[in-house]
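Chemist: Sequence and predicted structure below; questions after.
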Protein chains: 2
Amino acid sequence: MTPRPLLFACALALLPFAPQADAAGKYRSPKDILDASPASDWRALDPTRTLYLELDTGRVVIELAPQFAPEHVANIKTLAHEKFWDGTSIYRAQDNFVVQFGDAEGEDPAKAKSLGSAKTHLPAEFHRASAGLKFDPLPDSDGWAKQVGFVDGFPVGSDGAGKTWLAHCYGTLGAGRNNADDSSIGAELYVTIGQSPRQLDDNITVVGRVVKGMELLSVIKRGPDPMGFYADPAQRTPIKSIRLASEVPADQRTPLQVLRTDSQTFRDATEARRNRVDDFYKRPARHIDLCNVPVPVRAMNE
Amino acid sequence: MTPRPLLFACALALLPFAPQADAAGKYRSPKDILDASPASDWRALDPTRTLYLELDTGRVVIELAPQFAPEHVANIKTLAHEKFWDGTSIYRAQDNFVVQFGDAEGEDPAKAKSLGSAKTHLPAEFHRASAGLKFDPLPDSDGWAKQVGFVDGFPVGSDGAGKTWLAHCYGTLGAGRNNADDSSIGAELYVTIGQSPRQLDDNITVVGRVVKGMELLSVIKRGPDPMGFYADPAQRTPIKSIRLASEVPADQRTPLQVLRTDSQTFRDATEARRNRVDDFYKRPARHIDLCNVPVPVRAMNE
């Protein structure tokens, strides 16, 4: 019997890390590039803006974006400090779109959990002034924004006229709202789990992104009711707690490093993905979409 | 206590179906547009090119694309007819990328299942001639291809110079291969479950797409080993069977209709998504990416 193909296992070894030529003409894969990266190209997650979402299946690590949504992030920190989410649930999972979590009874004044000292009204924080941001552009065209690139590890879009916003990619954390633009307070949150819903960009307040543990959210059984809700509370996924990392004992934290998106290593690794020249790819794309660019994360001591 | 926002429930009711203006100036959502669609804008799935992938959790319905990959589709039909996949497994699930299935032991000549009368070598079918295809273009820019649009319900890219290929969107079914372009035979298949990996376009043979049941594949627990494989066979997801719908008794089929992508209804619904003008969206994108356009599917008698 003929051995069956390796099912592009080789290819997939390359998918996360495709090649780029070095000075000697040898192709360097993103993995090669990362392996050779100086320690200074990595930054530790700041525990004062890192959230741990604790599920029965494990911990989801979230990096908050106070530079884009200061009011929402401050409110989220208050809610975490006061243990608002403990005992709440992921009460919605819509395939190829979002999981959503918080107080499933939040709409019912008779049943809603107290918000404690958190604010009950916040301004919309859909975008911010581009001024003051260190913006590292992607060279690629994008139909959703005049310019796209990265700021402090976050994928962003910009109108090229002074406004910048966090883009909706896989793992983006946003603040659910009603129709009014200022109807979110950060108590009800969603994470994108499918094709990037970029139509939401600059239409809702994005507050962070998942840096570790997406595979715990993406496998949650989709809700049977419209838009992925679960009418039956027993079907919801319990949230044990959400805590700010700085409020968790140091020995219980998850020490992670994120590649700086303003580093040469990040630029080189991204370029190596744009132009995959290896044994698998027959036609390099010479392009990459914003939401196809991973921001590498590693354990602190790797 | 103030009622908590509805968590963009209203918004999400609109997300699948956003508005477009009718002659009277009233906005029409995609749902309105679909509800008003003539029966002739829908086509029944052809059972001779429809596969049923049966899992313990239910049935995944796949539409094959013989117009793009005739040799692979013919081989897949042979394999299904001879029950090749019965008792095999989904042996890989890599987050934000693919689930992959077939004979987990296919690489080991001593353990591999017989391929029966299926062919053991096929030509690469990465693309085909554009001539002879009815191509319905999207107006939007795309960094991955000169032109993008739809052919017979499938998202496609084209080089504008005579070649057209099936695009990798959420739910795309492809034939795993090794480094050689002609190393796939359709026995090992993958389905994309995350952000569209368009870099694979025209680099691998795409054979179809999932039209129903993605929520059964997308929630499969991700494999713990590199690239999402499961070294432990007990962690794999059993495949009960894969059958061609035409070889399943008529009363056991899943009768589905797909909106014709060359219909005015499809064009109008897509346009309504490109320009969302409703109570939720504050800034319509005036754009849509190929892989953000859903191809509506409904039960036969809706």
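Modeler: Arrived safely.
Chemist: wait, is residue A:96 part of a strand?
Modeler: No. Assigned with DSSP: H, G, I helix; E, B strand; the rest coil, residue A:96 falls outside any strand and is coil.
Chemist: Please report how far the closest residue to chain B within the stretch 151-300 of chain A lies from residue A:99.
Modeler: Closest contact between the stretch 151-300 of chain A and chain B, by Cβ to the nearest Cβ, is at residue A:176 (3.6 Å). The C-beta positions use only the backbone N, C-alpha and C, and glycine is treated the same way. According to Cβ to Cβ, to the nearest Å, residue A:176 stands 11 Å off from residue A:99.
Chemist: quick one, which of the two is more surrounded?
Modeler: Taking other Cβ atoms under 10 Å in any protein chain shown, residue A:176 and residue A:99 do not tie; residue A:176 has more neighbours (28 against 23).
Chemist: Do you know the pLDDT at that one?
Modeler: On the pLDDT scale, residue A:176 is placed at 97.
Chemist: Hmm, residue A:186 and it touching each other?
Modeler: No. Shown here, residue A:176 and residue A:186 do not form a contact pair, counting by Cβ atoms under 8 Å, at 9.1 Å.
Chemist: re the thing from before, overlap in contacts of residue A:176 and residue A:99?
Modeler: Overlap between the contact sets of residue A:176 and residue A:99, as judged by Cβ atoms under 8 Å, 6 or more residues apart in numbering or on different chains, is given by residue A:190.
Chemist: hang on, residue A:75 in a helix?
Modeler: Yes. Assessed with three-state DSSP, residue A:75 lies in a helix.
Chemist: hang on, it packs against residue A:122?
Modeler: Yes. Residue A:75 lies in contact with residue A:122 (Cβ under 8 Å); the separation is 6.2 Å.
Chemist: overlap in contacts of the two?
Modeler: Residues touching both residue A:75 and residue A:122 (Cβ under 8 Å, 6+ apart): A:185-186.
Chemist: the more surrounded of those two?
Modeler: Legend: neighbour count by other Cβ under 10 Å for residue A:75 and residue A:122, higher for residue A:75 (25 against 21).
Chemist: measure the more buried one to chain B for me?
Modeler: Distance, residue A:75 to chain B, using Cβ to the nearest Cβ, to the nearest Å: 13 Å.
Chemist: Let me see the contact set for that residue.
Modeler: A:118-119, A:122, A:185-187.
Chemist: right, and the helix or strand after the host helix or strand of residue A:155?
Modeler: Per DSSP states H and E, residue A:155 falls inside strand A:154-158. Scanning forward in sequence from strand A:154-158 by DSSP H and E, the next helix or strand is strand A:163-166.
Chemist: Export the contacts of residue A:75 to JSON lines and append columns for pLDDT and distance to residue A:80.
Modeler: Conversion of these to JSON lines gives the following (pLDDT from 0 to 100; distance: Cβ to Cβ, whole Å):
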{"residue": "A:118", "pLDDT": "98", "distance to residue A:80": "10"}
{"residue": "A:119", "pLDDT": "98", "distance to residue A:80": "14"}
{"residue": "A:122", "pLDDT": "98", "distance to residue A:80": "16"}
{"residue": "A:185", "pLDDT": "98", "distance to residue A:80": "13"}
{"residue": "A:186", "pLDDT": "98", "distance to residue A:80": "10"}
{"residue": "A:187", "pLDDT": "98", "distance to residue A:80": "11"}
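Chemist: Give me the subset of those that also touch chain B.
Modeler: Among the contacts of residue A:75, proximity to chain B is found for A:185, A:187 (Cβ under 8 Å from any Cβ of the partner chain).
Chemist: Please convert the contacts of residue A:75 to CSV, extending it with secondary structure.
Modeler: Conversion of the contacts of residue A:75 to CSV gives the following (three-state DSSP):
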residue, secondary structure
A:118, coil
A:119, coil
A:122, coil
A:185, coil
A:186, coil
A:187, coil
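Chemist: and which of the contacts of residue A:75 is nearest residue A:130?
Modeler: Taking Cβ to Cβ as the measure, residue A:130 sits nearest to residue A:122 out of the contacts of residue A:75, at 21.8 Å.
Chemist: Would you mind listing the residues in contact with the closest one?
Modeler: Residue A:122 makes contacts with A:71-72, A:75, A:182, A:184-186, as judged by Cβ under 8 Å, 6+ apart.
Chemist: now with 6 Å?
Modeler: The neighbourhood of residue A:122, defined by Cβ atoms under 6 Å, 6 or more residues apart in numbering or on different chains, consists of A:71, A:185.
Chemist: which residue ranges form the strands in the stretch 151-300 of chain A?
Modeler: A:154-158, A:163-166, A:172-175, A:189-192, A:205-212, A:237-244, A:256-259, A:297-299 (DSSP state E, counting those that start in this stretch).
Chemist: residues of the first one that come out buried?
Modeler: By neighbour count, with 16 or more other Cβ atoms under 10 Å in any protein chain shown as the criterion, the buried positions of strand A:154-158 are A:154-158.
Chemist: So in that sheet, which strands flank it, and in what orientation?
Modeler: Applying DSSP bridges, strand A:154-158 is found paired with strand A:147-151 (antiparallel), strand A:163-166 (antiparallel).
Chemist: I'd like the ones you listed as TSV, with mean neighbour count and mean pLDDT appended.
Modeler: Formatted as TSV, these follow (neighbours: other Cβ atoms under 10 Å in any protein chain shown; pLDDT from 0 to 100):
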stretch	mean neighbour count	mean pLDDT
strand A:147-151	21	98
strand A:163-166	24	98
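Chemist: how about those in CSV, adding distance to residue B:220?
Modeler: Output for the strands paired with strand A:154-158, formatted as CSV (distance: least, Cβ to Cβ, whole Å):
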stretch, distance to residue B:220
strand A:147-151, 31
strand A:163-166, 29
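Chemist: Would you mind telling me which of these is nearest residue B:276?
Modeler: strand A:163-166 (16.4 Å).
Chemist: export that closest one as CSV, just CAs?
Modeler: Extracted in CSV, the C-alpha atoms of strand A:163-166 (Å, rounded to 0.1, in the frame of the first residue of the first chain):
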residue,chain,number,x,y,z
LYS,A,163,-8.8,58.7,14.2
THR,A,164,-7.6,55.2,15.1
TRP,A,165,-9.6,52.3,16.4
LEU,A,166,-9.0,48.7,17.6
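Chemist: now what about it, what contacts it?
Modeler: A:68, A:127, A:130, A:133, A:154, A:156-158, A:201-202, A:206.
Chemist: wait, which of those is closest to residue A:287?
Modeler: Nearest member of the contacts of strand A:163-166 to residue A:287, counting by Cβ to Cβ, is residue A:157, at 16.8 Å.
Chemist: what's near enough to touch the closest one?
Modeler: A:145, A:148, A:165, A:167, A:201.
Chemist: ok, the second one touching residue A:290?
Modeler: Right, residue A:148. Yes. Using Cβ atoms under 6 Å, residue A:148 is in contact with residue A:290, at 4.3 Å.
Chemist: Spit out the residues that contact the two alike.
Modeler: Counting by Cβ under 6 Å, 6+ apart, nothing touches both residue A:148 and residue A:290.
Chemist: before we move on, back to that, what's the closest of the contacts of strand A:163-166 to residue A:257?
Modeler: Distances from residue A:257 to the contacts of strand A:163-166, taken by Cβ to Cβ, are shortest for residue A:154, at 16.0 Å.
Chemist: quick one, what contacts the closest one?
Modeler: Here residue A:154 is in contact with A:65, A:166 (Cβ under 6 Å, 6+ apart).
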